[in-house]
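Novice: How does the following fold in three dimensions:
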Amino acid sequence: MRGDTFRALPRVPGVIALACLLGALGAAWFLIAQLRAADRIDTSPVRVRGVVERVTASGRGGGRDVRVGYELAGHHFSDTGLPDRKMPEHLAVGDSLCLEAAGRHPGTVRLCGQRYPAGDDMPPTAILVLAAATAGLLCAAGFAVSGLRARRSGAAGPDPLAAVSR
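Specialist: Residues are numbered from 1 along each chain as shown. As a prediction, this is how the structure comes out:
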């Protein structure tokens, strides 16, 4: 019975590798999206006046969810993805914010003075997550390869838990 548990352990590097792969893909996707959005704004920047439409508590460490609306090219747009920590502390419905929008893609917006829509600290965070997930993926792959080599060469020896289960 315990030997079955021990034999299942070689699956653990695969599970870790899958989790790290998903983390790396998610971080890479987020990073690419932020870089593309920043490039869209930098290519055709338009300063607009944003108006706070809604402020609600997010429940995440005392943060807030803020929806900001703005007009561009005769259309109304709203954004809820702007970084709350970069907005004024006392924010109420109707307050104005300076925004930079992409002239050719008016739905892409960031706070004035920022380089990325989700805030300037998010791309470095995504890079760290990507690096950590890649390192975890490589470690899990190394453990899996060394386990396969040990099994093929017979170096794995007898089941260490077999004596305990007798």
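
Novice: drop to CA atoms for contacts and neighbour counts, all remaining ones
Specialist: Will do.

Novice: Does Tyr116 belong to a helix, a strand or coil?
Specialist: Following DSSP: H, G, I helix; E, B strand; the rest coil, we place Tyr116 in the coil state.

Novice: Report the contact partners of the spatially most central residue of the chain.
Specialist: Centroid-nearest residue in the chain: Ala27, 4.6 Å away (criterion: Cα atoms, centre = their mean). By Cα atoms under 8 Å, 6 or more residues apart in numbering, Ala27 lies in contact with Ala126, Ile127, Val129, Leu130.

Novice: From Ala102, how far off is it?
Specialist: Per Cα to Cα, to the nearest Å, Ala27 is found 24 Å from Ala102.

Novice: And stretch 70-79, end to end?
Specialist: Span of stretch 70-79 from end to end, Cα to Cα: 9 Å.

Novice: Ok, stretch 81-96 next?
Specialist: Span of stretch 81-96 from end to end, Cα to Cα: 16 Å.

Novice: quick one: buried residues of it?
Specialist: Within stretch 81-96, the residues that qualify as buried by neighbour count (16 or more other Cα atoms under 10 Å) are Leu82, Pro83, Asp84, Leu91, Ser96.

Novice: Tell me the pLDDT of the second one.
Specialist: The one in question is Pro83. We note a pLDDT of 86 for Pro83 in this prediction.

Novice: I'd say it and Ala118 touch.
Specialist: Yes. Applying Cα atoms under 8 Å, one finds Pro83 in contact with Ala118, separated by 5.6 Å.

Novice: show me where pLDDT drops low in the protein?
Specialist: 1-10, 59-62, 154-166 (pLDDT under 70).

Novice: Strands of that one, start to end?
Specialist: 45-57, 64-72, 75-79, 96-102, 109-111 (DSSP state E).

Novice: Distance to Arg152 for the ones you listed - can I get that in TSV?
Specialist: Formatted as TSV, these follow (distance: least, Cα to Cα, whole Å):
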stretch	distance to Arg152
strand 45-57	57
strand 64-72	55
strand 75-79	56
strand 96-102	58
strand 109-111	56
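
Novice: Would you mind finding the most buried of those?
Specialist: When these are scored by mean count of other Cα atoms under 10 Å, the highest mean neighbour count falls to strand 109-111 (a mean of 25).
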